[in-house]
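>>> Sequence and predicted structure, then a few things I'm wondering about:
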Amino acid sequence: MQSNNLFSQIRNNMAVQSALSRNAKILRYVTYAGVALVVAATLAGLPAADLPGVILLVATGVPFALALWELSRMLGRAEQGEIFSQPTIAHLRRFALFVLVTAIISIFLPPIVAIAAALWAAEGLEHVAVSFEGGDVFILLISALLFFVARLFEEAQRIADENRQIV
Amino acid sequence: MAIIVRLDVMLALRKVRSKELAAAIGITEANLSLLKAGKVKGIRFSTLEKICAYLDCQPGDLLEFDGSLTPVDDPDDA
């Protein structure tokens, strides 16, 4: 009777793990497609862009592609069943960091590049605009939320470790 | 750890093998072995209940407190 319960519990756990693994695998492939799309979009924009445009494209495209790459690696770990492990949390934290870097660069780099371009061309610069829109706030919030989720994962890892030591 | 697990003594007294007990109470042999060696952080009441029921004993027969041994510093208690 008790061993039947144990087997049923093990079966349920395996079914949940298998569903998680499947979802992580699908998301990982979607993320790979995202990485390819970002790289392709960046490369496609390069020939038509002038130097400031190239700098902007590369400076925002590279960290965003790296963010997606870290996300895909985190999903790969989750696929292997390592949900609450230190490497998984490290990938999530790096993903959050690259999203934050992308957001900061997309906000502050355009005016910096505009100033640099004006100085390079020895032209006078009448004004510089730093645009801070709803989308930027949203990305910054998402990034902060991801850091918070990473912290929650750390706590979950501690509880999971402790739970493993209780029989 | 000032708590000593006397499960091995009880198993010997009842002439029950670890494998048999593990199967009866629904935990792995590896976990039972860790419990016997006192290398676990805790034991669930449900596990204790099943062991006591199977071995027909009291929790006090399985666990003993020895004040002369060094208590474990648990960071969670801080």
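Perfect, I can see it now.

>>> Where does residue A:130 sit: helix, strand or coil?
coil (DSSP: H, G, I helix; E, B strand; the rest coil).

>>> burial of it, as a residue count?
The number of residues packed near residue A:130 is 10, by other Cβ atoms under 10 Å in any protein chain shown. No exception for glycine: its C-beta is placed from N, CA and C like everyone else's.

>>> Could you tell me how far the nearest residue to it once chain neighbours are set aside is located from residue B:19?
Nearest-residue entry for residue A:130: residue A:111, 5.0 Å, with adjacent residues in sequence omitted and distances by Cβ to Cβ, 6 or more residues apart in numbering or on different chains. From residue A:111 across to residue B:19, the span is 72 Å (Cβ to Cβ, to the nearest Å).

>>> Tell me the spacing between residue B:24 and chain A.
Counting by Cβ to the nearest Cβ, to the nearest Å, the gap from residue B:24 to chain A is 7 Å.

>>> For that residue, grab the count of nearby residues.
16.

>>> hmm, who's touching the helix or strand hosting it?
Using DSSP states H and E, residue B:24 sits in helix B:18-25. For helix B:18-25, contacts defined as Cβ atoms under 8 Å, 6 or more residues apart in numbering or on different chains pick out A:2-3, B:11, B:28-29, B:31-33, B:36, B:47, B:50-51, B:54-55.

>>> Could you pick out the longest helix of chain B?
Longest helix in chain B, counting residues (DSSP state H): helix B:45-55.

>>> what does that helix contact?
Applying Cβ under 8 Å, 6+ apart, the contact partners of helix B:45-55 are A:2, A:167, B:7, B:10-11, B:14, B:16, B:21, B:24-27, B:35, B:57-59, B:61-62.

>>> what do you get for stretch A:18-28?
A:72, A:75, A:76, A:78, A:79, A:80, A:81, A:83.
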